[in-house]
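Asker: have a look; sequence and predicted model below, questions after that.
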Amino acid sequence: MGELVQLTSFGLTEGEVLGALGRVKVRDVDYADLYFESCVSESVSMEESLVKRATKSVSQGVGVRATAGEKTGFAYSDELTKKDLELAADTARYIANSPSGTLAVPVAVRQRPTRDLYPVERTQVEVATADRVSLLNAIDAEARRYDPRIKNVMASFNTEYKVVVVATSDGTLIGDVQPLSRLQVTCIAEENGQRQAGSFGGGGRVGFEFYHEGDRYLRYAREAAREAILNLSAVEAPAGVMPVVLGGGWPGILLHEAIGHGLEADFNRKKTSAFSHLLGKRVASDVCTIVDDGTLPGRRGSLNMDDEGTPTGRTVLIERGILRGYITDKLNARLMGIPVTGNGRRESYQSVVLPRMTNTFMLAGTSDPEEIIRSVDRGLYAVSFGGGQVDITNGKFVFSASEAYLIEGGKVTRPVKGATLIGSGPEILTKVSMVGHDLKLDEGIGTCGKEGQSVPVGVGLPTIRIDEITVGGTQR
Amino acid sequence: MNQQIQHYDGYSQLAMDLLAKAKRNGATEADIIIADGETFSVQVRLGAVDRLTKAREKHLGLRVFVGKRSASTSTSDFSADSLNQLVAETCTLAKAVVEDQVSGLPAADQMAGERPDLDLYDPTRLNTEQQIELAKRVEAAAMSMDERVTNSEGGDFDSSSGRVVLGNSHGFLGEYQSSSFSMSVSPVATDPETGTMQRDSWYAVQRKFSKLDSPEAVGLEAARRTVRKLGARKVATQRVPVVFDSETAGSLMGNLCSAVSGYSLYKGASFLASQLGKPLAPEYVTVYDDGRVVGGLGSRPFDGEGLPTRKTTVVERGVLKSYLLDTYSGRKLGLASTGNASRSVGENPSVGPTNFYLAPGTKTAEDMIKTVKQGLYVTDLIGFGINMVTGDYSRGAAGFWIEGGELAYPVEEITIAGNLKDMFAGIEMIGSDLVFRGRIASPTVKIAEMMVAGN
């Protein structure tokens, strides 16, 4: 029995960590934790056929938190000396009314995650810069080869290698190593003085070889080029209420915005979510079953454990149209008296834990995707999206199509320019009348923002038909 | 540089030491930025403390050039070993990328000489109890205005201060301190008949504590903005005039700011590429970026490369007069930097606004609404539906329907769409109500026509 292996990289002993935990877990504190994080991020980027930028960042620190009732005290430090730990502990427990002094903290049981969803060696993440340079050069060549109208290719490859240790007053001392990478390509196409852009990318908690499997990186290049060229011939998008067919994969951002955020426990505990009173009620048609699953190997939204040391899981949010559960962290689960789902996440040691999504997707249905398109007389077929946003309280959400087509007489016809779709979270899924058998998860590009914190997430969707939603184009 | 260094302290010395080390590791040029600061934030909810956050942090970013190759790195670990390794790694990284003919520091004779005191720093320190009290007051004011305000996402009070030290191998060494005080509250109102909820928020932010609005004023405004949304409905799809309130008009200025950023332009990723000197909007439209507003939230004495900040006329009487540039993007476009290098530690410089704003007109918002027979007054925008390459614009919106020159009822779950080029060309009126609540600001703006999609 040596020290917890990840802890040694912070230059701390278990004794020092538990000492600090004891200092913060005073009498009136219900729960306390320490989150140690060390993160190395690297980025290489290309434009104008030149790989001309390389950056590397190193950050390390500790976040100390105490909760008492609904109150949270939080402090962080980028210094990891015993003195800094004590100072942070004293600040965090300020919210409790107890005097200082050590209280017996349950002896933390040293644990390791029960599974390894991303067994990536550091060397597979921090590959030689030369290898990344040649990857980006090949992407540039492939995109330009796709069509001579491609005038500029911008590509970047980002990696992150994060080592975390969580020590909690409920008796856990656990570490994890969390690799993450993403390859993103944007092409600018030009024809007759008209310019358009197309983007594509992917990644996950994977090593560098992932991008070479089946020449994935070249596919990203072709997809970005294809979208840019396609958009050159896009016509104005329609405006108004109409049926919309969403393609599989990334259009699952619908679920993330329309229902996912509204089911995060913090908003429901505070009763500020449009879903606050809807548990057990119908919020979707009976062809819709939606889960949040942090246990999918290698996915961008997956984690062996959340940032409170709880193993991630698979939570059924909506089961055949009925709202079944919220996603929780420890604080909100305790205050609401509901199970901890392993969704307590934070951007870094500098931020507080919030209930956040992992990979959120709808299970496959039984419809044939082509039949779904054939069922629409006049509507929109949207296959790729930019970002989305939601107002939790009134439930209104948007997501913006970046590749979409008109459906006319049951056939996909002309490409249309990007347009924002807007709907109401508690209602929109009741209008889903067909769900395809073609569930697809996204390529691994999602980043979710909440209270200024960004965390990587995944989404997924089969082809679905929404009978009516407002499309924000410019043409009647 | 014959400018006297004002605060010769540990960080200045550290910067010079690391620049010298970079040279020894093969760097031909280098610059370094060191930022540190402390933040304290308090959130209360329903009258009780919800969250206290306190921290000190520091970061150091190094950029080196080895001939025409360059790389950037950053760290929060200031131990000697770590910094020695950082310098060596940065130089190695630079040697791994290709030559970029226009890369390099700004010319030595361009560096900021005089560094005016822009009054960006307020030494006021509030203790924990004071901040809790202010956060409680802003929330209490919001909760007390109207009985339909039933809940709250919380009231916040944040204070922060920090300093930036920037040095480069030309011998430039500059430093400034800044501070910020802000408060906000997000009340939730419930419709007594339908039970539907609406949330909005209001805020105040200043570099000086004494300049902040009172918590009561902020809370009342938040409540007013929230309650007025109750009963919102959709409207029919139609093409109408659209009045943007000062907050949402500010977001249009944010879009303009992105479109005139040198990096978007030289990449061909902006709808304003090659438009310099051409008309963009009617002659009563003038837009400035002014880095030297005393006490301004976007003010700074020198930019992220050490060049002097200044006042740039971006749009003059409707004509696009200047882009916003740093040294690199300027060289790509054959133009001089406008002193708009923005530098987050660990990143290469990019272009950012200082205080970017649409010059105010003379009309009140009421006067502008009065000119609309049938149209939309926009108070909220959500989503990211803007294609900067083409200017195509489609966003979720909420606000009020205008009938016969009056606000008739609140609307939601609609979109507004058009193209930013047409929108800027279609600016019909500009309000007198310019107030800075951030680095980008605008008075109320009326646009001739946009497509509103609803029912």
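Answerer: Received the coordinates, thanks. Residues are numbered from 1 along each chain as shown, chains lettered A, B, ... in the order given.
Asker: every contact and neighbour count from this point should use C-alpha atoms.
Answerer: OK.
Asker: OK, contacts around residue A:443?
Answerer: A:201, A:202, A:203, A:249, A:250 (C-alpha atoms under 8 Å, 6 or more residues apart in numbering or on different chains).
Asker: same list (these) but as CSV, adding secondary structure.
Answerer: What follows is the contacts of residue A:443, written out as CSV (DSSP: H, G, I helix; E, B strand; the rest coil):
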residue, secondary structure
A:201, strand
A:202, strand
A:203, strand
A:249, coil
A:250, helix
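Asker: ok, the residues you listed vs residue A:450, which is closest?
Answerer: Of all these, residue A:450 sits closest to residue A:250, with 19.3 Å by C-alpha to C-alpha.
Asker: doesn't residue A:447 make contact with that closest one?
Answerer: No. Using C-alpha atoms under 8 Å, residue A:250 makes no contact with residue A:447, being 12.0 Å away.
Asker: please parse the chain into its domains.
Answerer: Since you didn't name a chain, this refers to chain A. A:5-45+A:53-111, A:122-159+A:179-232, A:239-472 (automatic domain parsing).
Asker: the chain in question should be chain B.
Answerer: When chain B is cut into domains by automatic domain parsing, you get B:10-37+B:53-105, B:128-227, B:232-455.
Asker: settle it for me: which of residue A:250 and residue A:447 has more neighbours?
Answerer: Neighbour count, other C-alpha atoms under 10 Å in any protein chain shown: between residue A:250 and residue A:447, residue A:250 has more, with 25 against 14.
Asker: give me the nearest residue to the more buried one, chain neighbours excluded.
Answerer: In space, and not counting its chain neighbours, residue A:250 is closest to residue A:442: 4.6 Å by C-alpha to C-alpha, 6 or more residues apart in numbering or on different chains.
Asker: and residue A:50, by the same measure?
Answerer: Nearest to residue A:50 is residue B:98, by C-alpha to C-alpha, 6+ apart, at 6.6 Å.
Asker: around chain B, which positions in the stretch 101-250 of chain A sit nearby?
Answerer: Within the stretch 101-250 of chain A, the positions lying close to chain B (C-alpha under 8 Å from any C-alpha of the partner chain) are A:129, A:130, A:133, A:152, A:188, A:195, A:196, A:197, A:239, A:240, A:241.
Asker: what pLDDT does residue 53 get?
Answerer: By default, I'm working from chain A. Residue A:53 is assigned a predicted lDDT (pLDDT) of 88.
Asker: chain B, not that one
Answerer: The score at residue B:53 is 91. That number is its pLDDT.
Asker: who does it bridge with?
Answerer: Note on residue B:53: beta-bridge partners by DSSP bridges are residue A:74, residue B:41.
Asker: ranges for the helices of chain B?
Answerer: Using DSSP state H, the helices of chain B run over residues B:10-24, B:80-96, B:128-144, B:215-227, B:246-259, B:262-266, B:327-333, B:365-370, B:420-425.
Asker: list the buried residues of the fifth one.
Answerer: Going by neighbour count (16 or more other C-alpha atoms under 10 Å in any protein chain shown), the buried part of helix B:246-259 is B:246-254, B:256-259.
Asker: so, low pLDDT: which residues of the stretch 101-250 of chain A?
Answerer: In the prediction, the stretch 101-250 of chain A carries residues with pLDDT under 70 at positions A:101-109, A:124-125.
Asker: and residue A:280, what does it touch?
Answerer: Per C-alpha under 8 Å, 6+ apart, neighbours of residue A:280: A:322, A:323, A:324.
Asker: so which of the residues you listed is surrounded by the most neighbours?
Answerer: Result: residue A:323 is most packed of the contacts of residue A:280 (other C-alpha under 10 Å), 23 neighbours.
Asker: would residue A:428 count as being in a helix?
Answerer: Yes. Assigned with three-state DSSP, residue A:428 falls within a helix.
Asker: that one: how many residues sit nearby?
Answerer: Neighbours of residue A:428 using other C-alpha under 10 Å come to 23.
Asker: so which of the contacts of residue A:280 are in strands?
Answerer: A:322, A:323 (DSSP state E).
Asker: can you list the contacts of residue A:280 in TSV and add pLDDT and distance to chain B?
Answerer: Shown next, in TSV, are these (pLDDT from 0 to 100; distance: C-alpha to the nearest C-alpha, whole Å):
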residue	pLDDT	distance to chain B
A:322	97	20
A:323	97	19
A:324	96	21
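Asker: return the residues in contact with the closest residue to residue A:180 other than its chain neighbours.
Answerer: Among residues not flanking residue A:180 along the chain, residue A:205 sits closest, at 4.3 Å (C-alpha to C-alpha, 6+ apart). Applying C-alpha under 8 Å, 6+ apart to residue A:205 gives the contacts A:118, A:120, A:178, A:179, A:180, A:181, A:298, A:299, A:300, A:302.
Asker: distance of residue A:205 from residue B:168?
Answerer: 37 Å (C-alpha to C-alpha, to the nearest Å).
Asker: return the residues in contact with the residue nearest to residue A:250.
Answerer: Contacts of residue A:442 by C-alpha under 8 Å, 6+ apart are A:249, A:250, A:252, A:458, A:459, A:460.
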